[in-house]
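Chemist: Structural data only, the sequence is not supplied:
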């Protein structure tokens, strides 16, 4: 972006209209953040062979990373609701950069765990404030803004398997340290975004608090609590199921269909690209037809496809994975914005809670499914997880909070 254009954006004091350049920069930061995060599971074949790891050890590695990434997020969001920290964004990216270097030069399993912890810290610091910036720049298009922000992360996640296939697999573990240059680039970009937030955050937050009383304010604390619990259950269903793809889909394809590591990584890229596409359409569709309808369709709607996938041929498996990825991904933006509307004024805490819980469920799911895979088989894991979307029936308990 040219200096004059950046100056105009930085001096824009109001969110009456959507501030697209800021949304783009926030999404770009999310892209870089999630590229670094996705390289850990994408490099599992290399790490498994190099350190003679079991599936359970891989699951524990994912668990440590994702629980670290999840446990701090609600607290970061709660704290920054009252005391915004614009430069926490580049600091978080610096933690991720250190994690990449640590993973690239780790001599043993426990140093790998340390690298995973650093990655987790970086992600936990990044998401609450970046999500808040996306909402402030939305101009009222909250679902759209959350989708734009999310899709950057999803594209970053989808790029991980490609980088692993064409860079880490040929060059080995050290390739992860070299790719830390992406995180360094992210530090520079997020420093600029933090400066914009420092200059304009105060004037943007004030208009966001004005306007007519939101429908959710008429709900009792019990109703709000039940709704939040339902949304958390839906996140559990979504991310426990996604954990089977994120950590074990490439092993499933290699075990069941005899694919090479590179071919399996490419198939995983198809799934992650579908997730990115689904994320992009979920927010705008929710703005138009209502977020509750999107939640209904995206969680329960994938059940027929998840039930068929474990019994399909390779070609049909890839197609089904793309359908599942597209549909299930449309839920997250809708869930986050719906939760923000349930608790007005708690954008950071809500964002941290749901991003954090999503990471936590992914970590717990990866660990539990890794142990299950060691004791049974990868194929059994996918057969069992196919029933998780039934939890989507709980959506019936959500109140209507949209005007």
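Modeler: Nice, I can see it. Note that this is a predicted model, so its numbers are computed, not measured. Numbering: from 1, shown residues only.

Chemist: wouldn't residue 71 be in contact with residue 121 here?
Modeler: No. When contacts are counted by C-beta atoms under 8 Å, residue 71 is not listed as touching residue 121 (10.0 Å). (Glycine included, C-beta is placed from N, CA and C.)

Chemist: out of those two, which sits in the busier spot?
Modeler: Summary of the neighbour comparison: residue 71 and residue 121, criterion other C-beta atoms under 10 Å, with residue 121 having more neighbours (22 against 17).

Chemist: Does the nearest residue to that one once chain neighbours are set aside lie in a helix or a strand, and which?
Modeler: Nearest non-adjacent residue to residue 121, counting by C-beta to C-beta, 6 or more residues apart in numbering: residue 95, 4.6 Å away. When elements are assigned from DSSP states H and E, residue 95 belongs to helix 88-105.

Chemist: Give me the buried positions along that helix.
Modeler: 88-104 (16 or more other C-beta atoms under 10 Å).

Chemist: The nearest residue to residue 158 once chain neighbours are set aside: what secondary structure?
Modeler: By the measure of C-beta to C-beta, 6+ apart, the closest residue to residue 158 outside its immediate chain neighbours is residue 272, 3.2 Å from it. Three-state assignment for residue 272 (DSSP: H, G, I helix; E, B strand; the rest coil): helix.

Chemist: do the same with the one 5 residues further on
Modeler: Under the three-state scheme (three-state DSSP), residue 277 adopts helix.

Chemist: quick one: it and residue 323 touch, right?
Modeler: No. Look at residue 277 against residue 323 with C-beta under 8 Å: they stay out of range, at 10.8 Å.

Chemist: since we're on residue 396, how many residues are nearby?
Modeler: Using other C-beta under 10 Å, residue 396 has 10 neighbouring residues.

Chemist: Residue 333 versus that one, what's the distance?
Modeler: 21 Å (C-beta to C-beta, to the nearest Å).

Chemist: same check, this time on residue 319
Modeler: As defined by C-beta to C-beta, residue 319 lies at a distance of 24 Å from residue 333.

Chemist: Of those two, which one has the most company?
Modeler: When residue 319 is set against residue 333 and neighbours are counted by other C-beta under 10 Å, the residue ahead is residue 333, at 32 against 16.

Chemist: residues contacting that one?
Modeler: The neighbourhood of residue 333, defined by C-beta atoms under 8 Å, 6 or more residues apart in numbering, consists of 143, 146-147, 150, 279, 282-283, 286.

Chemist: between the residues you listed, which is closest to residue 312?
Modeler: Distances from the contacts of residue 333 to residue 312 were compared by C-beta to C-beta; the smallest belongs to residue 279, at 24.2 Å.

Chemist: Isn't the residue nearest to residue 121 up against residue 116?
Modeler: No. Checked against C-beta under 8 Å, the pair residue 95 and residue 116 is beyond contact range at 11.7 Å.

Chemist: Now do the contacts for the residue nearest to residue 158.
Modeler: Applying C-beta under 8 Å, 6+ apart, the residues contacting residue 272 are 38, 154, 157-161, 325.

Chemist: Could you tell me the per-residue confidence at it?
Modeler: Confidence at residue 272, expressed as pLDDT, is 81.

Chemist: now that we're looking at it, how far away is residue 35 from it?
Modeler: Using C-beta to C-beta, we find residue 272 at a distance of 11 Å from residue 35.

Chemist: list residues touching both of these two?
Modeler: By C-beta under 8 Å, 6+ apart, the residues touching both residue 272 and residue 35 are 157, 159-160.

Chemist: List of residues touching stretch 72-85?
Modeler: In this structure, residues lying in contact with stretch 72-85 by C-beta under 8 Å, 6+ apart are 88, 121, 124-125, 127-129, 132, 197, 201, 345-353, 355-356, 359.

Chemist: Find the helix or strand that residue 263 is a member of.
Modeler: With the criterion set as DSSP H and E, the secondary-structure element containing residue 263 is helix 261-289.

Chemist: I'd like the next helix or strand past that helix.
Modeler: Next in line after helix 261-289, if elements are assigned by DSSP H and E, sits helix 291-300.

Chemist: Pull the number of nearby residues for residue 289.
Modeler: Residues near residue 289, counting by other C-beta under 10 Å, number 12.

Chemist: ok, it - contacts?
Modeler: Listed by C-beta under 8 Å, 6+ apart, the contact set of residue 289 is empty.

Chemist: and it, how far is that from residue 283?
Modeler: Applying C-beta to C-beta, one obtains 12 Å for the distance of residue 289 from residue 283.

Chemist: if I pick the residue lying closest to residue 114 once chain neighbours are set aside, what's in contact with it?
Modeler: What sits nearest to residue 114 in space, not counting adjacent residues and going by C-beta to C-beta, 6+ apart, is residue 102, at 5.8 Å. With contact taken as C-beta under 8 Å, 6+ apart, residue 102 is in contact with 111, 114-115, 118.

Chemist: and if you look at residue 26?
Modeler: With contacts defined as C-beta under 8 Å, 6+ apart, the neighbours of residue 26 are 130, 133-134, 137, 148-149, 152, 193.

Chemist: Please repeat the previous calculation with a cut-off of 7 Å.
Modeler: Residues touching residue 26, when contacts are defined by C-beta atoms under 7 Å, 6 or more residues apart in numbering, comprise 130, 133-134, 149, 193.

Chemist: Backbone torsions only: list them for it.
Modeler: In this entry, residue 26 is assigned phi and psi values of phi -60, psi -40 (degrees, to the nearest 10).

Chemist: repeat for residue 19
Modeler: Main-chain dihedrals, residue 19, degrees, to the nearest 10: phi -90, psi 90.

Chemist: Just give me the neighbour total for it.
Modeler: Per other C-beta under 10 Å, the neighbour tally for residue 19 reads 24.

Chemist: Give the full set of residues in contact with the nearest residue to it once chain neighbours are set aside.
Modeler: With C-beta to C-beta, 6+ apart as the criterion, residue 19 has its nearest non-adjacent residue at 4.0 Å, and that residue is residue 137. The neighbours of residue 137, taking C-beta under 7 Å, 6+ apart as the test, are 15, 18-19, 22-23, 145.

Chemist: filter these to the buried ones?
Modeler: Judged by neighbour count, with buriedness set by 16+ other C-beta under 10 Å, the buried members of those are 15, 19, 22-23, 145.
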